[in-house]
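In: Sharing a model prediction with you, sequence too.
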Amino acid sequence: STFRGPSVYVAVLLRKSCFLFTITLDLSWCCVAPPACLHPQTSKMSITGSTLAADPRNDLGPGSGLEGTGTVCQACGGFFAGTLSISGGTSNLRLLRACKTAKDSTSSKNGNANEAEYLSSIKRTKSLDKLAPPLDFLPCDTEERGVKGYTPEEVVALDAYRTQYAKYRLGEAEGAKGEKPTEQVVVVANNSGGFLQESEAQELEQLRRELALAQARIATLEKMELGETKNFNTLDSELNESQLLGRQQCRTETHRRAALRLARVNAAQSEVASKAGRGSVEGSSYDFTTGKPVKTDVIVAHGVISNPMFAAFEIIPMASASSPLFVFTDETVNGLYGDTFVQGFEEMGYVIHKIVLPDGEDAKTLEVYAKLADHVLSIGIDKSSVLISLGGGAVANVCGFIASTLHRGIGLIHFPTTLLAQCDASISHKQAVNAPHGKNLVGSYYAPIRIIVDTDVLQTLDDWLLPDGMGEIVKHALCQDVDLLNYLEEYEGPLNDPVFLDYVVRRTIELKCEVIDIDPKENKEAVVLIYGHTLGHPIESISHRMGTACCLSHGQAVAIGCVIAARVAFLMGLAEESIIERTEQLCAKYDLPYLIPADQSVDRIMSKLPFNKTWTKEGSMMALIERPGKIFNFDGHFKCPVDDAIIREAVEQTMAPFGTIIKGSGSSGMLRKNKLSNGDLASSTITTPVGPPMEKPGEGWAVSADGSCLKGDC
């Protein structure tokens, strides 16, 4: 309804129909009836022959047809005279007599027995139970009532309320006959003072979401048009004959596995469908939508960790200024930066607490998570609290997982201090801890507020930590950027050169943000991030078991996984054999292992594949490359189905011969002598293998006569 000066729309209800009339009112006489005049049993204008005839109260004589007749509002007693069209036309009616009170109108209401009988046959709820709260208008007087003092918005609101009630009456009457009742209409006030019905407000919100998505898509397409965005898909014309054959084999195997999965799912559904949903209890269905894109700022700056007060940008959101903050760090980083880092925030006025974790993967356990979560809750937090990680990938993962679960999610900020964390682990929305079956099996997707990368701290790292971070950088170069790959191959300077480190960190962050932004769940283009991880994770997990000869770090395991993936791609005809040698040479140049420690078992590695997120019941899936800088893809798929026999062959070919010394930099590896109780691999009872080796690499170590595993890792 629209306010039109002296003219408004009024809904007139009949027994089974609703007509909308335009009434021109003399505002000196018009009464704006309050909601009481629209009671479910009284809000009906009588249009029977008797009331439409000339009424002695107005001295009007009978006219031609309906002309000159009038009608009485039985709710308020107001008498309207003029022309009325039953067919739905409009008439000019003039209010000739002021209304009575609601109390006086009851006698007229009760006088119509037929109407009362009809109304009582329809089951209704009270109008106040169905509608929004009544508007606060002037009370109904026995004297004339007017709209003096009301704004146009208030008049429109009252008119909307009446129209809403008319729709409700019509809907209930239809519903009584077994039809679907009309949807309830709720008037929503917006910030501008206007009004929208609830359905219109929902439609507006949906259109805004669609517009945002369309604008984002337009921006992406415009970048592609200008050549600013990569096209990750490869055309058939870009592949050689062997790769085309491999693509067809991947396509065939994908279809075969899809058919197997469909048959398995259908069989399970048939069993369930015969029993589920067969009861007699009906339910009401509702739904809601949650979640929206979350933007994480990644800021590269120098000197911020040594003193956060030096930052020219906001670190902690102002909304968290009065909330408790927590800094998570490890033993090594705490000794270097812990006190000055915390002091910088305290001098800015924050209330901050520091929590020190064990070094390395030893902190990424469910036990440590539970203990730390309880500790934080005991100190006290609120919904605006922020957890800050200051350390490597393990600290970031533990801190992030705690932040994602406390109060169902509180603030999270990363300050990565290792090369691996600055290039990979902290530049992510994935938070996780390890489980007995493997790495990162318990976790969540939870975006940090921001990630602040200070490459100055890389100058204080132990020598073995720089090659560890190079494992992820090599992965990105092999999968995404041939220019970065060429740069790494041609670089001849020291690994700790600040200019070199700043460049590779910035470029790797760019490459990772590029794919996370378009594929956050790593189902398509972002599978480049798991290249080398399908086999790297099992090898790393096994190397951390008690009694292993070589405890690998994450970057070292990923490097070995990249070599295995290159072999798989060659065995499947997807890439040339030269990619294997190129990967091995790059790993060797940056002090990364490219062979599996000889004490590991091929069977044990294969048995851990089902605990990888790329595994399905129909077989393993892997990210593979077709050429340097390009991930293999087909028909929009970026993960390839791989037969376990091919994986086994590639693993066997990557096993190190007996006698090969691989210096591990994991939690208890040779390169972390300061973390070993006895100080050296040879004298350590923890890392020295037990029993004689088997006849060839990959078969593990000997078992006792009773079949028990002397190695302690069966």
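Out: Yep, that arrived.
In: In the protein, which helix is the longest?
Out: When the chain is parsed with DSSP state H, its longest helix is helix 241-273.
In: Next SSE downstream of it?
Out: strand 297-300 (DSSP states H and E).
In: got the CA positions of the helix or strand that comes right after that following strand in CSV?
Out: Remark: after strand 297-300, the chain's next helix or strand is strand 325-330, criterion DSSP H and E. The C-alpha atoms that make up strand 325-330 are tabulated as CSV, following Å, rounded to 0.1, in the frame of the first residue of the first chain:
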residue,chain,number,x,y,z
LEU,A,325,45.5,-12.3,24.8
PHE,A,326,47.7,-15.4,24.7
VAL,A,327,51.0,-15.9,23.0
PHE,A,328,51.9,-19.5,22.1
THR,A,329,55.6,-20.2,21.4
ASP,A,330,58.1,-23.0,21.8
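In: Just the residues contacting strand 325-330, thanks.
Out: For strand 325-330, contacts defined as Cβ atoms under 8 Å, 6 or more residues apart in numbering pick out 316, 337-338, 341-342, 345, 350-360, 363, 372, 376, 379, 381, 385-392, 394-395, 398-399, 402. Yep, even glycine has a C-beta here, placed from its N, CA and C like the rest.
In: Just the buried residues of those.
Out: Using 16 or more other Cβ atoms under 10 Å as the burial test, the contacts of strand 325-330 include 316, 337-338, 341-342, 345, 350, 352-360, 363, 372, 376, 381, 385-392, 394-395, 398-399, 402 as buried.
In: Settle this for me: residue 556 is touching residue 594, isn't it.
Out: No. With contact defined as Cβ atoms under 8 Å, residue 556 does not reach residue 594; the gap is 9.7 Å.
In: So for those two, which residue has more residues nearby?
Out: Legend: neighbour count by other Cβ atoms under 10 Å for residue 556 and residue 594, higher for residue 556 (33 against 21).
In: other SSEs contacting the host helix or strand of the more buried one?
Out: Following DSSP H and E, one finds residue 556 within helix 554-571. With contacts defined as 3 or more Cβ pairs under 8 Å, 6 or more residues apart in numbering; DSSP states H and E, helix 554-571 has these neighbours: helix 465-479, helix 533-543, helix 578-589, strand 625-627, helix 644-654.
In: Output the contacting helices and strands for the helix or strand following the longest one.
Out: This means helix 465-479. Going down the chain from helix 465-479, the next helix or strand is helix 482-490, by DSSP H and E. Under the contact criterion of 3+ Cβ pairs under 8 Å, 6+ apart, helix 482-490 touches helix 465-479, helix 498-516, helix 578-589.
In: Can you give me the buried ones in the last one?
Out: It refers to helix 578-589. Neighbour-count burial for helix 578-589 flags 579-580, 582-584, 586-587, 589 (criterion: 16+ other Cβ under 10 Å).
In: Figure out the length between the terminal residues of stretch 588-605.
Out: With Cα to Cα, to the nearest Å as the measure, stretch 588-605 spans 23 Å from end to end.
In: same deal with stretch 648-664?
Out: With Cα to Cα, one end of stretch 648-664 sits 23 Å from the other.
In: on that earlier part again, ok, and which of the helices and strands packed on helix 482-490 has the densest surroundings?
Out: Greatest average neighbour count among those goes to helix 465-479 (a mean of 26), per mean count of other Cβ atoms under 10 Å.
In: can you tell me the average pLDDT over that one?
Out: Mean pLDDT, helix 465-479: 93.
In: got the angle for the longest helix of the chain vs helix 554-571?
Out: 110 degrees (axes from the mean of the first three to the mean of the last three Cα atoms, to 10 degrees).
In: Mind giving me the packing neighbours of helix 241-273?
Out: Counting by 3+ Cβ pairs under 8 Å, 6+ apart, helix 241-273 packs on strand 640-642.
In: Compute the mean per-residue pLDDT across the strand it packs on, please.
Out: 92.
In: What pairs with that strand, parallel or antiparallel?
Out: strand 619-622 (antiparallel) (DSSP bridges).
In: got the contact list for the partner strand?
Out: 257, 534, 565, 568, 609, 612, 614-615, 639-644, 647.
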